[in-house]
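Asks: Kindly return the folded structure for what I paste below:
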Amino acid sequence: MHPITDIICLVHNQLPVTKVFAERIFKYTENFNLIFVNNNSTDGTSKWLEASKDKWTVVNATDSNGNPANLGVIGGRNLGVKYVKSNYFLNIDNDQYVGNNWLVMLHDVMSQGYDIVGKEAWQLVPPGKGGVVLWMGIEKTRDYFPHHRCERQGEKFTYVGCGGMLIKTEVYNKIGLFDEQFGPAYFEDPDFCFKSIQAGFKIGWCPQCPIKHLPHQTLGKQKDFDKHKQFLRSWDRFRKKWNGWFPN
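Replies: Numbering: from 1, shown residues only. Model prediction:
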């Protein structure tokens, strides 16, 4: 059996999605603790989470004054990791439905000498490779643009996504988790991978891990969130932060 693992799941509304997520976690997972971070849900999620606190830990996000708040994807995940007690933890979204042996597979890859293992992997365009991309009517050089989602074993990848990312707690203890300048979302995962590589940690990828992702079930349904503008904002900040550096 794999080592005990703390599983962090961020939720904001979408209760039916979360219920299926929890059902599948308990059906297909062994040797784990589940931590739900409630990002100020208003649809009955809070009541449902509190009713089963014997099954999981509930962390309610608040602002600096202690009032319920939505901390965004990055702030919420950073809050959740403060409740990790095991040597391994994993971030997963409530719209990612796991299958048989999913966590076993991630740990199997990690046992091959890796410190971080993800389910989803992407290629970024290296800086200075030329070409432009049109984003929201703005023409920009393609530096660090996520141009390809990897699908086949053996493909080269630049980073793994934070949803379904298994991490040794020692990595977090050394470099922290996600940079909140990218909040509420986007580019926090390549940034974390870049930091990890610079610190000497190794990143693996497990494409065969049975996690089915139903994208935008939570974040994409928030009426006050413009994902296109936020993507551009985070991309610009990422380009500025890493400015020419790229992992080998």
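
Asks: Could you list every helix and strand in contact with the longest helix anywhere in the chain?
Replies: Secondary structure of the chain read by DSSP state H shows that its longest helix is helix 227-242. Packing contacts for helix 227-242, counted by 3 or more C-beta pairs under 8 Å, 6 or more residues apart in numbering; DSSP states H and E, involve strand 132-135, helix 188-198. Placement of C-beta: from N, CA and C, glycine included.

Asks: Mean neighbour count for these - can I get that in JSON lines?
Replies: JSON lines is the format used below for the helices and strands packed on helix 227-242 (neighbours: other C-beta atoms under 10 Å):
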{"stretch": "strand 132-135", "mean neighbour count": "12"}
{"stretch": "helix 188-198", "mean neighbour count": "21"}
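
Asks: got a list of what residue 164 touches?
Replies: Residues near residue 164 by C-beta atoms under 8 Å, 6 or more residues apart in numbering: 90, 91, 92, 93, 96, 106, 118, 119, 120, 209, 211, 213.

Asks: Pull the contacting residues for the fourth one.
Replies: It stands for residue 93. Here residue 93 is in contact with 9, 10, 163, 164, 213, 218 (C-beta under 8 Å, 6+ apart).

Asks: among those, who's most crowded?
Replies: residue 10 (27 neighbours; other C-beta atoms under 10 Å).

Asks: Now for that one, which secondary structure element holds it?
Replies: Following DSSP states H and E, one finds residue 10 within strand 5-11.

Asks: Could I get the full set of helices for the protein?
Replies: According to DSSP H, the helices that the chain contains are 15-28, 45-51, 72-80, 102-110, 169-175, 188-198, 227-242.

Asks: Grab the most central residue of this protein for me.
Replies: residue 162 (2.4 Å; C-alpha atoms, centre = their mean).
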